[in-house]
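>>> Fold the following, please.
(one chain, ligands or ions: 1)
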Amino acid sequence: MQTRWGYPVNDRGHLEIGGCDMVRLAGQFGTPLYVVDEARVRANCREYKAALQDTLPGAQALYAGKTMLNLAMARLIDEEGLGLDVVSGGELYTALRARFPAGRIHFHGNNKSLAELTMALEARVGRIVVDNEDELALLGILCRRLKVHQDISLRITPGIEAHTHEYIETGLLDSKFGFGIGDGRAKAAVRKALGQRELNLKGLHCHIGSQLFDLAPVRRAVEVMLAFADQIRRETGWTAPELNLGGGLGIRYTAEDAPPTVAAFVGAITEALRDGAKRRGFPLPALVLEPGRSIVGPAGVTLYDVGNVKRIKGVRTYVSVDGGMAENPRPALYSAKYDVAVANKAGHPPEEVVSVAGRFCESGDMLAWDVSIPKVERGDVIVIFATGAYHYSMASNYNRWPRPAMVFVRDGQAELVVRRETYEDIVANDVLPVAMREQRAIVNA
Ligand code: LLP
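Numbering: from 1, shown residues only. The predicted structure is shown next:
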């Protein structure tokens, strides 16, 4: 028997992912537990590679590390032959510790520190995606000091409405990211970059937003970027060899969501790029994409243990679980919606409408409103689907709650890739001021 999510129910009536029984996994590793279907992540990587290579030879995909990164994930992405987009010293460090080839790393960010830029230059990353004038100047100085040359691209703000949540829409002129085309900064930045001997300007970058379902703004972004590249070519003689259009493809969180396929998304971009370049007589630039959510989002689930079930007659049933906004802040931040199942009752039909509450001290800490599931009781295992992207990477220790473990499942094997934090980890970085240290015995007791 298959569930709505395409995962089978085994003969115990339990949900199975990657050949692993989710109820057994919850018992073995504890809850909350991030579970990642490794084969599905790999298949998604391959789908991007195939879609790109089929339509535009030389095109490449970088995985957006902000989506979910740890040593195992960095290794997986390397094994699949994708590049990696990092946005912080921490992500860069993770990638380097995982021996991810630096040449395939692109470094993003609207406020990279001197230390981060130095780290990236010393590591010899493939591209630094320069976001603003200040960074352009700093990078020139650092390159001279370190006596290195660096390949860069420029983050351009094309001024496009992406029809997504305003917090994850990034391509508008009124944005903290990038050089605007509309106010002339982008053109000035190209000239400035071309004038710096230590910097090799390799291309232009834009990212208009995330969780996109509508392909029209994506096509428009290609057009705007090509028109800009063409104008620059005529005015400066520099022909952008590379065009990076960021990530953004949406995924299905609930049955109502109907995102385009990877092939349709890539197809829309490559078609717009080919047509636009041909129309302008512009040499076809190498295409780069930076998908994140569409690679790991659908491949992840989170398992929870059901605790208190509060049935308020005629009002609502609250099913409280042992996690919430700390390991999944998305409902609170973006009003995100999720599908829910009960792993140990995966074969049962839906019996009641409940809302899944987190355990953190805020009324807004809810994981799902009004979902139809079998009748639940203490000790059941709740599964929330499509939690592979922007969950682990955005998790916090709110309420001093240890962050969950993560396992990769594949062919019936479960591998721990992030261990669960302990209470000891919670206090590990706390330091007692000297005047308080006589009370230390209490802390150590
Ligand atoms: N490239 C750049 C420059 C980006 O800013 C992003 C995402 C991506 C690529 C990857 O986009 P994706 O394929 O994942 O849509 N925390 C939010 C999403 C923030 C997206 C930030 N940028 C959420 O949970 O929905």
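>>> Just the closest residue of this structure to the ligand, please.
Distances from the chain to the ligand, computed as CB to the nearest ligand atom, single out G247 as the nearest residue at 2.5 Å. Yep, even glycine has a C-beta here, placed from its N, CA and C like the rest.
>>> What score does that residue have for pLDDT?
According to the prediction, G247 has pLDDT 98.
>>> next one: N444
The predicted structure lists N444 with a pLDDT of 59.
>>> Check A441 too.
For A441, the predicted pLDDT is 59.
>>> what's the answer for Y167, then?
On pLDDT, Y167 comes in at 64.
>>> and if you look at the one 4 residues further on?
At G171, the model reports a pLDDT of 65.
>>> Repeat that for E161.
On pLDDT, E161 comes in at 78.
>>> Confirm for me that the residue of the chain closest to the ligand is in contact with H207.
Yes. The pair G247 and H207 qualifies as a contact (CB atoms under 8 Å) at a distance of 6.4 Å.
>>> Touching both of the two, which residues are there?
Between them, G247 and H207 share the neighbouring residues E290, with contact defined by CB atoms under 8 Å, 6 or more residues apart in numbering.
>>> any low-confidence regions in the chain?
Across the chain, the ranges flagged by pLDDT under 70 are 2, 163-172, 439-445.
>>> who in the protein is up against the ligand?
Proximity of the chain to the ligand (CB under 6 Å from any ligand atom) is limited to residues 64, 67, 85, 108, 168, 170, 207, 210-211, 246-249, 290-294, 330, 334, 390.
>>> and if we set it to 8 Å?
Remark: the part of the chain in contact with the ligand comprises 64, 66-67, 85, 87, 108, 129, 155, 165, 167-168, 170, 177, 205, 207, 209-212, 246-250, 290-295, 297, 330, 333-334, 336, 389-391, 393-394, using CB under 8 Å from any ligand atom.
>>> Buried only: go through the residues you listed for me.
64, 66-67, 85, 87, 108, 129, 155, 168, 170, 177, 205, 207, 209-212, 246-250, 290-295, 297, 330, 334, 336, 389-391, 393-394 (16 or more other CB atoms under 10 Å).
>>> Mark which of those residues are part of strands, please.
By the criterion of DSSP state E, membership of those in strands covers 64, 85, 129, 155, 205.
>>> And the furthest pair within those?
By the measure CB to CB, A64 and R155 form the most distant pair in those, at 13.8 Å.
>>> before we move on, the earlier item: mind checking which of the residues of the chain next to the ligand land in helices?
Per DSSP state H, helices hold the following members of the residues of the chain next to the ligand: 293-295, 330, 333-334.
>>> Among these, give me the pair with the biggest separation.
By the measure CB to CB, I295 and L333 form the most distant pair in these, at 20.9 Å.
>>> show me what contacts the residue of the chain closest to the ligand?
Contacts of G247 were listed using CB under 8 Å, 6+ apart, and they are 64, 207, 210, 289-294.
>>> now F179
Taking CB under 8 Å, 6+ apart, we find F179 in contact with 131-133, 154-157, 185-186, 188-189.
>>> before we move on, what about R311?
Counted by CB under 8 Å, 6+ apart, R311 has contacts T317.
>>> Doesn't it lie inside a strand?
Yes. When DSSP: H, G, I helix; E, B strand; the rest coil is applied, R311 is found to be in a strand.
>>> re earlier: format the contacts of F179 as CSV; extra columns: secondary structure.
Putting these into CSV (three-state DSSP) gives the following:
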residue, secondary structure
D131, coil
N132, coil
E133, helix
L154, strand
R155, strand
I156, strand
T157, strand
R185, helix
A186, helix
A188, helix
A189, helix
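>>> So among the residues you listed, which ones count as buried?
Among these, those classed as buried by 16+ other CB under 10 Å are 131-132, 154-157, 185-186, 189.
>>> Please identify which of those residues is nearest to Q413.
Minimum separation from Q413 among those (CB to CB) is found for R155, which lies at 40.5 Å.
>>> looking at the sheet around that closest one, what are its partners?
On the basis of DSSP bridges, R155 is bridged to H205.
>>> wait, isn't it in contact with I208?
No. With contact taken as CB under 8 Å, R155 and I208 are classed as non-touching, separated by 11.7 Å.
>>> Mutual contacts of those two, please.
In contact with both R155 and I208: no residue, using CB under 8 Å, 6+ apart.
>>> what about V288, which SS state?
With three-state DSSP as the basis, V288 sits in strand.
>>> Next up, the contacts around the nearest residue to it once chain neighbours are set aside.
With CB to CB, 6 or more residues apart in numbering as the measure, N244 is the residue that lies nearest to V288, at 3.9 Å, once sequence neighbours are left out. Applying CB under 8 Å, 6+ apart, one finds that N244 lies in contact with 106, 129, 153, 203-206, 287-290.
>>> Now for the nearest residue to L33 once chain neighbours are set aside: which residues touch it?
For L33, ignoring the flanking residues on the chain, the nearest one in space by CB to CB, 6+ apart is L303 at 4.4 Å. Applying CB under 8 Å, 6+ apart to L303 gives the contacts 22, 25-26, 31-33, 35, 343, 381-383.
>>> Which single one of those residues is nearest to V262?
Using CB to CB as the measure, the one of those that approaches V262 most closely is V35, at 22.2 Å.
>>> Pull the number of nearby residues for that closest one.
Here the neighbour count serves as a burial measure; for V35 (other CB atoms under 10 Å) it reads 26.
>>> which of the contacts of N244 count as buried?
Buried members of those, counted by 16+ other CB under 10 Å: 106, 129, 153, 203-206, 287-290.
>>> got these as TSV, with distance to H14 columns?
Formatted as TSV, the buried ones among the contacts of N244 follow (distance: CB to CB, whole Å):
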residue	distance to H14
H106	41
V129	45
S153	48
G203	49
L204	50
H205	45
C206	45
L287	43
V288	42
L289	37
E290	36
